[in-house]
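# pasted the sequence and its predicted model underneath.
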Amino acid sequence: MRYLALCCALGVIGITACHSGGKPDPVTEYQFGTKTTYAPQQKLGSYQQAPQGYELVYSELVSRHGSRALSSFKYDDISMQVWREAQKQGALTPLGEKLGAEIERMTAANEALGYGNLSGLGHDELVAIGKRAAQRNHSLVDQAIENQRHVVVEYSGKDRALASANAFTEGLTENNQDLAGLLLEPKVNKAQLYFHKENKEYNDYVDHDAALRAAIDRLFDSEKSHQVAQAVLESLYSPEFVQQLVNGELKFYSTEEPDELLAENEVDVVIHLFNLYLIAPGMAQEAGEEPWHFEQFFTPEETQWLSYVLDGEDFYEKGPSFNNTDITYKMASVLVDDFFNEIEKIKQGNDQAALKVRFAHAETIMPFAANMQLKGSEEGVDPQTTFSYDNNDWHGKWVAPYSSNIQWDVYRGEADDLLVKMLYNEKEIGFKSSCHPIEAGSYFYRFTELKRCYNQ
């Protein structure tokens, strides 16, 4: 059985430990990293209540889009090119024979849905989040309807972010139809929700910084990554064909951009195939009557390692990264500032809006969480140390799964002071450790205290 051999070969590292308490069981637990489909992390009815004399007066949120299609014709393109080359060489194993049809199904489903678009499940994720938000904040919804306070809706400019916004507001208003008339037209806000694309300093860093590229190369080019890649491929293709990939004898270019080299070794090839496995659960409805079967091409342990590698890449490029720089997340300050500015409006008596909801991307959520040093994104790693789950709490499946969201609820007291409580993926969490709640064990913070500890 491949997972036993791999477990011995890979040893005890991070989430791939064979038998270690509190970590995924390599025999049973498949991992999906930031492509994990959404699940709320706390039950309705289990939240701390505001202190006596405080009422909910405002709420704001930023959310990643929901589950989606592949972003472009790339992973399926390369995976099919590899498969056809193996077929031409007569190098398919019995399991490999099954792969071609599955890739073709995936391409057809993405063409039908539209590459990059929100999937059926993604729509349902956001509808459900909106419904729960209305239930949790029912007093605010009632107050908004009574006082004709608006719901402000913003998005990054991408279609899947707009579709996510519309799904959320569909859920928000499902049992509150009078609120529907208070929804403002969704507005594009690239400066606050798509900041990574326009930031030249950041993009130069990601493309050219030697320490960053070396850290990411250590993940992809590690002995373990090569071992896992070979094990995956040898279940699909003959040893001779796999060796051609290992030796770099076969190179695969984008069909749409023929000069763009996308895969030149076995790790590249497996990462492309792994991305089809990752996308499948979020496209469950698009599979039709026959579910996807990409799990059969990987063991759970292999998915744990490959998810770790992709998590590491995101950690370095979009999360806390190295502990001697803030370049990957300082650009999120524009969004952090907006969260504070919206509450400042409430403090100054501007109650025109009851809610502000924003829809964006993992590239928004990750730096926002790192900038604010939220749970799981508290710190970077030493440049001499390779990121792992043993030396850092950052996990893509918590920080930025599909539909990941961060919500601040604002409460006004009888003395006109404000308290703020935060939910992350619908779970109550504290702000960074230097911020002090109103009492030990509380998730409520004075707005003045948050301004102090975040230097606002």
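Done, it's in.

# what packs against the host helix or strand of Ile129?
Using DSSP states H and E, Ile129 maps to helix 120-136. When contacts are defined as 3 or more C-beta pairs under 8 Å, 6 or more residues apart in numbering; DSSP states H and E, helix 120-136 packs onto strand 55-64, helix 159-173. The way it works is simple: take the backbone N, C-alpha and C, and place the C-beta from them, glycine included.

# same list (these) but as TSV, adding mean neighbour count, distance to Gln41 and mean pLDDT.
Shown next, in TSV, are the helices and strands packed on helix 120-136 (neighbours: other C-beta atoms under 10 Å; distance: least, C-beta to C-beta, whole Å; pLDDT from 0 to 100):
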stretch	mean neighbour count	distance to Gln41	mean pLDDT
strand 55-64	22	14	99
helix 159-173	23	17	99
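
# quick one, what contacts Ala211?
Taking C-beta atoms under 8 Å, 6 or more residues apart in numbering, we find Ala211 in contact with 322, 383.

# and the next element down the chain from whichever strand or helix holds it?
Taking DSSP H and E as the criterion, Ala211 maps to helix 210-220. Next along the chain after helix 210-220, taking DSSP H and E as the criterion, comes helix 223-234.

# quick one: Val151 from Asp417, how far?
25 Å (C-beta to C-beta, to the nearest Å).

# next: Pro258.
63 Å.

# and for Phe315?
38 Å.

# which one's more surrounded, these two?
The neighbour count for Phe315 versus Asp417, taken as other C-beta atoms under 10 Å, is higher for Phe315 (28 against 14).

# ok, and for stretch 443-456, which residues are buried?
Neighbour counts over stretch 443-456 (16 or more other C-beta atoms under 10 Å) mark 443-447, 449-450, 454 as buried.

# centre of the chain to it, how far?
Mean-position distance between stretch 443-456 and its chain equals 27 Å (C-alpha atoms, centre = their mean, to the nearest Å).

# quote the end-to-end distance of that stretch.
Start-to-end span of stretch 443-456 (C-alpha to C-alpha, to the nearest Å) is 20 Å.

# before we move on, what about stretch 146-156?
30 Å.

# okay, buried residues for it please.
149-156.

# rewinding a little: for the record, mean pLDDT for whichever helix or strand comes after the helix holding Ile129?
Following helix 120-136 in sequence order, the next helix or strand is helix 138-147 (DSSP H and E). Taken as a whole, helix 138-147 has a mean pLDDT of 98.

# next one: stretch 210-217
98.

# list just the nearest of the buried residues of stretch 443-456 to Gly430.
Relative to Gly430, the closest of the buried residues of stretch 443-456 is Tyr443; by C-beta to C-beta it sits at 6.3 Å.

# where's the residue nearest to that closest one when sequence neighbours are not counted, which helix or strand?
Nearest residue to Tyr443, sequence neighbours excluded (C-beta to C-beta, 6 or more residues apart in numbering): Glu428, at 4.5 Å. For Glu428, the host element (DSSP H and E) is strand 427-429.

# by contact count, what packs against that strand?
strand 418-424.

# between helix 120-136 and the strand it packs on, find me the angle.
150 degrees (axes from the mean of the first three to the mean of the last three C-alpha atoms, to 10 degrees).

# name every strand pairing with strand 418-424 and say which way it goes.
Sheet pairing of strand 418-424 (DSSP bridges) gives strand 405-412 (antiparallel), strand 427-429 (antiparallel), strand 444-446 (antiparallel).

# need the residues that contact it.
41-42, 48, 50-51, 54, 57, 343, 346-347, 369, 374-375, 404-413, 428-431, 438, 443-447, 450.

# state the mean pLDDT of it.
99.

# for stretch 445-454, same thing?
The model assigns stretch 445-454 a mean pLDDT of 99.

# point out where the chain drops to low pLDDT.
For the chain, the stretches flagged by pLDDT under 70 are 1-27.

# grab the most central residue of it for me.
Ala400 (2.7 Å; C-alpha atoms, centre = their mean).

# and the gap between that one and Trp394?
On the measure of C-beta to C-beta, Ala400 and Trp394 end up 10 Å apart.

# repeat that for Gln52.
38 Å.

# the more surrounded of the two?
Higher neighbour count among Gln52 and Trp394: Trp394, with 26 against 7, using other C-beta under 10 Å.

# which SSE is that one in?
Applying DSSP H and E, one finds Trp394 in no helix or strand.

# mind listing the strands for the stretch 151-300 of the chain?
Shown for the stretch 151-300 of the chain, the strands assigned by DSSP state E, counting those that start in this stretch span residues 187-188, 252-253, 261-263.

# and the helices in the stretch 351-456 of the chain, which stretches?
Using DSSP state H, counting those that start in this stretch, the helices of the stretch 351-456 of the chain run over 362-371, 396-399, 447-453.

# in TSV: those, plus distance to Phe339.
Shown next, in TSV, are the helices of the stretch 351-456 of the chain (distance: least, C-beta to C-beta, whole Å):
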stretch	distance to Phe339
helix 362-371	9
helix 396-399	17
helix 447-453	10
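
# what's the burial count for the residue nearest to Tyr58 when sequence neighbours are not counted?
Spatially, and ignoring its direct neighbours in sequence, Tyr58 is nearest to Val410 (4.0 Å; C-beta to C-beta, 6+ apart). Using other C-beta under 10 Å, Val410 has 20 neighbouring residues.

# is it true that Val410 touches Ile346?
Yes: in terms of C-beta atoms under 8 Å, Val410 counts as a neighbour of Ile346; the distance is 5.9 Å.

# give the helix, strand or coil label for the residue nearest to Val206 when sequence neighbours are not counted.
Among residues not flanking Val206 along the chain, Glu317 sits closest, at 5.4 Å (C-beta to C-beta, 6+ apart). Classification of Glu317 using DSSP: H, G, I helix; E, B strand; the rest coil returns helix.

# what's the answer for the one 10 residues further on, then?
State at Ile327, reduced to three classes by three-state DSSP: coil.

# how many other residues sit next to it?
17.

# what's the closest residue to it other than its chain neighbours in contact with, if anything?
Excluding its sequence neighbours, the residue lying closest to Ile327 (C-beta to C-beta, 6+ apart) is Tyr205, at 5.1 Å. With contact set as C-beta under 8 Å, 6+ apart, Tyr205 has these partners: 212, 327-328.

# could the residues you listed go into CSV alongside distance to Gln192?
Below are the contacts of Tyr205 laid out as CSV (distance: C-beta to C-beta, whole Å):
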residue, distance to Gln192
Leu212, 25
Ile327, 18
Thr328, 17
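
# from the residues you listed, pick the one nearest Leu113.
Using C-beta to C-beta, these come closest to Leu113 at Thr328, 31.1 Å.

# that'll do, ta.
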